[in-house]
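K.L.:
A structural model of the following input is requested.
(4 chains)
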2 protein chains.
Amino acid sequence: MKENQPLDIVGEMNKNPRLQIIRASGRFHKAMIALTNRKIKEAGHDLSLEHAVILKNLLQKDGQSQQELAENTFKHKSSVTFLIDNMVKRNLVVRVPDQLDKRGKLIYLTELGRGLLSEIFPILFDQMHAVTEEIDEKDLKRCITVLEKLLENTQALGDNH
Amino acid sequence: MKENQPLDIVGEMNKNPRLQIIRASGRFHKAMIALTNRKIKEAGHDLSLEHAVILKNLLQKDGQSQQELAENTFKHKSSVTFLIDNMVKRNLVVRVPDQLDKRGKLIYLTELGRGLLSEIFPILFDQMHAVTEEIDEKDLKRCITVLEKLLENTQALGDNH
DNA sequence: AAAATATAGTTTGATATAAAACTATTTTTC
DNA sequence: GAAAAATAGTTTTATATCAAACTATATTTT
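P.N.:
Predicted coordinates for the structure are as follows:
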């Protein structure tokens, strides 16, 4: 029908699943981060999720270089410098010059950092479970597969930087 | 088996699809934003995706208040003030005091803003398609449904602020 | 109509990200 | 072994977000 002309280009665009998946992934992720940060705060802890991500990585492998941490947490090395600075001040981690490579610094968890992380973990688990509770695990896994494929495509398109 | 003890709590945690979906959504979204911004830049345009989102919303409904824009773009009103300030300086939009409500300002696209947006659109479409190309539309839609459900759950948990 | 409350937008301060320039080392290459 | 290139981390500058305090105007309550 001639009547159905592109009067509302944006409206049509918004209905496109290729755009919707981009928006949906962003909105969920943002909301989830905000929720988790709020719950950590409400539980009386002073730690952002970004810090927790670093600490969690160190729990898995202590004494990583900042470069390693940046790669493992998908952050820029300058962001890692910033986050580590903050946590060194609060005695949650220590920064030790690497004896074998004088350019490098190795980051280790302190007992304080390890203890704080252990208090944060249950909150992370609770939120993670609460949010995904009624969703079928198969659907969840399918969705992860799609998102990982999308990430792969996105990275491939960006490789010719 | 007794051998399979929780030696690597974080490793186990990382394999949990409830955590994976959070990370996967964030990584894809972040990569997609970065890719699109890079492509816009490479095409010689000086406009961030955040600005484009505002302009796109105005194309759909011109003369919105900043409050409306904030709600429609899922941003804080202070972020909108910041983004609009920038675009007013560059004559992409105009900010007009609302005659009916002297607290409010109405934002309108300029011809320059409209023109720039029309040059950005093809880039957005291209990236959107390139990234989702080989993915079955049904899978895409299923994934969106899951993400929307997750968002809904997240918001419900946060409502008791 | 005055007082209390709500709303629109701005401002300020803090956090996080990102890119580029920079310093200090280490590794590679010739 | 000296020169060139690569790497680790820091610093600087810019962007974007979020939260809280604030100003001005509107609306509701009494």
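K.L.:
starting at the chain centroid, how far to the lowest-mean-pLDDT helix or strand in chain A?
P.N.:
Lowest by mean pLDDT, DSSP states H and E among the helices and strands of chain A is helix A:9-15, with a mean of 88. With C-alpha atoms, centre = their mean, to the nearest Å as the basis, helix A:9-15 stands 30 Å off its chain's centre.
K.L.:
do the same with stretch A:97-109
P.N.:
The chain centroid and the centroid of stretch A:97-109 are separated by 25 Å, computed with C-alpha atoms, centre = their mean.
K.L.:
residues in chain A within reach of DNA strand D, list them.
P.N.:
Chain A comes close to DNA strand D at residues A:30, A:34, A:38, A:65-68, A:77-78, A:81-82, A:84, A:95, A:98, A:101, A:103-106, as judged by C-beta under 7 Å from any atom of the strand. In short, each C-beta sits where N, CA and C put it, glycine included.
K.L.:
coming back round to it: quick one: list the elements packing against the following helix or strand past the least confident helix or strand of chain A.
P.N.:
Sequence order places helix A:17-42 as the next helix or strand after helix A:9-15, per DSSP states H and E. Under the contact criterion of 3 or more C-beta pairs under 8 Å, 6 or more residues apart in numbering or on different chains; DSSP states H and E, helix A:17-42 touches helix A:49-60, helix A:111-132, helix A:137-158, helix B:17-42, helix B:111-132, helix B:137-158.
K.L.:
Which residues in the least confident helix or strand of chain A does the neighbour count mark as buried?
P.N.:
Buried residues in helix A:9-15, counted by 16 or more other C-beta atoms under 10 Å in any protein chain shown: A:10, A:13.
K.L.:
Give me the contacts around it.
P.N.:
Applying C-beta atoms under 8 Å, 6 or more residues apart in numbering or on different chains, the contact partners of helix A:9-15 are A:6, A:19-20, B:56-57, B:59-60, B:121.
K.L.:
closest to residue A:128 among those?
P.N.:
Nearest to residue A:128 among the contacts of helix A:9-15, counting by C-beta to C-beta, is residue A:20 at 23.8 Å.
K.L.:
For that closest one, which non-adjacent residue is closest in space?
P.N.:
Leaving out its chain neighbours, the residue that sits closest to residue A:20 by C-beta to C-beta, 6 or more residues apart in numbering or on different chains is residue B:144, at 5.1 Å.
K.L.:
Tell me the residues on chain A that lie near DNA strand C, please.
P.N.:
Going by C-beta under 7 Å from any atom of the strand, the residues of chain A near DNA strand C are A:48-51, A:75-76, A:78-79, A:82-83, A:86, A:101-103.
K.L.:
Strands - which of the residues you listed land there?
P.N.:
Residues of the residues of chain A next to DNA strand C located in strands (DSSP state E): none.
K.L.:
Pipe those residues into CSV and attach pLDDT and neighbour count per row.
P.N.:
Listed next are the residues of chain A next to DNA strand C as CSV, based on pLDDT from 0 to 100; neighbours: other C-beta atoms under 10 Å in any protein chain shown:
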residue, pLDDT, neighbour count
A:48, 94, 16
A:49, 94, 17
A:50, 95, 17
A:51, 96, 22
A:75, 95, 18
A:76, 96, 10
A:78, 97, 10
A:79, 97, 15
A:82, 97, 13
A:83, 97, 22
A:86, 96, 15
A:101, 94, 10
A:102, 94, 8
A:103, 95, 8
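K.L.:
Which members of those are the farthest-apart pair?
P.N.:
A:49 and A:102 (32.7 Å).
K.L.:
hmm, back to that, make TSV out of the helices and strands packed on helix A:17-42 and add distance to residue A:91.
P.N.:
Shown next, in TSV, are the helices and strands packed on helix A:17-42 (distance: least, C-beta to C-beta, whole Å):
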stretch	distance to residue A:91
helix A:49-60	12
helix A:111-132	5
helix A:137-158	36
helix B:17-42	27
helix B:111-132	43
helix B:137-158	31
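K.L.:
Can you give me the buried ones in stretch A:44-64?
P.N.:
Buried residues in stretch A:44-64, counted by 16+ other C-beta under 10 Å: A:47-59, A:64.
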